[in-house]
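S.K.: here is a sequence with its predicted model. Questions after.
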Amino acid sequence: MSATILDGRATKDAIYDELRPRVAELTSRGRTPGLATVLVGDDPASHSYVRGKHNDCAKVGITSIRKELPADIEQAGLEAVIDELNADPACTGYIVQLPVPEHLDTGAVLERVAVDKDADGLNPISLGRLVLGEPAPLPCTPRGIVELLRRYEVPLNGARVAVVGRGVTVGRPLGLLLTRRSENATVTLCHTGTKDLAEEVRRADIVVAAAGKQHLVTPDMVKPGAAVLDVGVTRSDSGPAGDVHPDVAEVAGFLSPNPGGVGPMTRAMLLTNVVEAAERALT
Ligand SMILES: Nc1nc2c(c(=O)[nH]1)N[C@@H](CN(C=O)c1ccc(C(=O)N[C@@H](CCC(=O)O)C(=O)O)cc1)CN2
């Protein structure tokens, strides 16, 4: 058996075909959406992700605003840039690319992003609304995972899902999304303290590996026919590697590869959040 590939690149392109006329409509009404990114430091992977986001903006007609700041910027300097974007009418949504250098206070930064411009859904008020089941921009990677599963008709209702990794951009919000009544899945959030990870994964109909540990999920851990989504990435001299061992493709029913799976979906959901915020502002 070889898994059906959950193709994030093709799905992203289909989503952009849907976004383009919505952006054109906003533009015709004098409200072109504008995405800003704030990138602190020189991390090559972060630069590559941000470049991808702006390339995508050009494809759908969203205006791009780029703020690139030195790695040694003080908290006050970064907050001044955030205040500037909060006040800029051309910026209808923005993100601070994570991680920021360690001397900066990530929580304070995310809290300062104006809620109505929070394109990442990572402001504590947006996350609180998600917990309460109120409308909010959804964090891009978890939203992308759910969208990818839906478009490939992977059943979610009643599914057992093992999410490996409890980070704030993926694992924790994904647990919240998948346990909404609309998704109705049962989620086990696994982490470094999980006693028997292999057993938890083996029980799952859907496995989301977002731990950032190379080839953590091996074929013997996967229930035959399960959907496996590889989200984590580890970079070494031999190049980037995902959290899922390549041989899992022989056991899984569906596989979201890395690269080419959830990464492009993260970008597609970011642009979707920006368009939705601009549409909300018009109504
Ligand atoms: N503010 C945020 N920071 C980060 C987030 C986030 O959602 N918001 N998530 C990750 C990184 N990320 C988004 O910024 C991201 C990761 C991967 C990709 C992507 O398109 N990957 C491609 C490969 C591209 C490449 O290697 O250059 C793929 O998987 O095919 C986009 C965005 C951490 N930071």
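M.R.: Now that the structure is in, tell me what you want to look at.

S.K.: rest of the way, CA atoms for contacts and neighbours
M.R.: OK.

S.K.: residues of the chain that sit close to the ligand?
M.R.: Within the chain, the positions adjacent to the ligand are 48-49, 95-99, 120, 140-141, 169, 258-264, 266-267 by Cα under 6 Å from any ligand atom.

S.K.: what about 5 Å?
M.R.: Contact residues (Cα under 5 Å from any ligand atom) of the chain with the ligand: S48, Y49, V96, Q97, L98, P259, G260, G263, P264.

S.K.: any quick ChimeraX command for the buried ones out of these?
M.R.: In ChimeraX, a selection of the buried entries from the residues of the chain next to the ligand looks like this (16 or more other Cα atoms under 10 Å):
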select :49,96,259,260,263,264
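
S.K.: just the residues of the chain next to the ligand: which are in strands?
M.R.: The members of the residues of the chain next to the ligand that map onto strands under DSSP state E are V96.

S.K.: would CSV of the residues of the chain next to the ligand with pLDDT be doable?
M.R.: CSV is the format used below for those (pLDDT from 0 to 100):
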residue, pLDDT
S48, 97
Y49, 98
V96, 98
Q97, 98
L98, 98
P259, 96
G260, 98
G263, 98
P264, 98
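
S.K.: need the residues of the chain next to the ligand in a markdown table (columns: distance to R66).
M.R.: Shown next, in a markdown table, are those (distance: Cα to Cα, whole Å):
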| residue | distance to R66 |
| --- | --- |
| S48 | 13 |
| Y49 | 13 |
| V96 | 11 |
| Q97 | 11 |
| L98 | 15 |
| P259 | 24 |
| G260 | 25 |
| G263 | 20 |
| P264 | 19 |
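
S.K.: which of the residues of the chain next to the ligand lies closest to A24?
M.R.: Minimum distance to A24 across the residues of the chain next to the ligand is 22.2 Å, recorded for P264 (Cα to Cα).

S.K.: isn't the closest one right up against I15?
M.R.: No - counting by Cα atoms under 8 Å, P264 sits too far from I15 to count as a contact (10.7 Å).

S.K.: how about the helices in the stretch 1-150 of the chain?
M.R.: For the stretch 1-150 of the chain, applying DSSP state H, counting those that start in this stretch gives helices covering 8-28, 44-60, 75-87, 106-112, 124-132, 140-151.

S.K.: return the most buried member of the ones you listed.
M.R.: Among the helices of the stretch 1-150 of the chain, helix 140-151 has the highest mean neighbour count (mean count of other Cα atoms under 10 Å), at a mean of 21.
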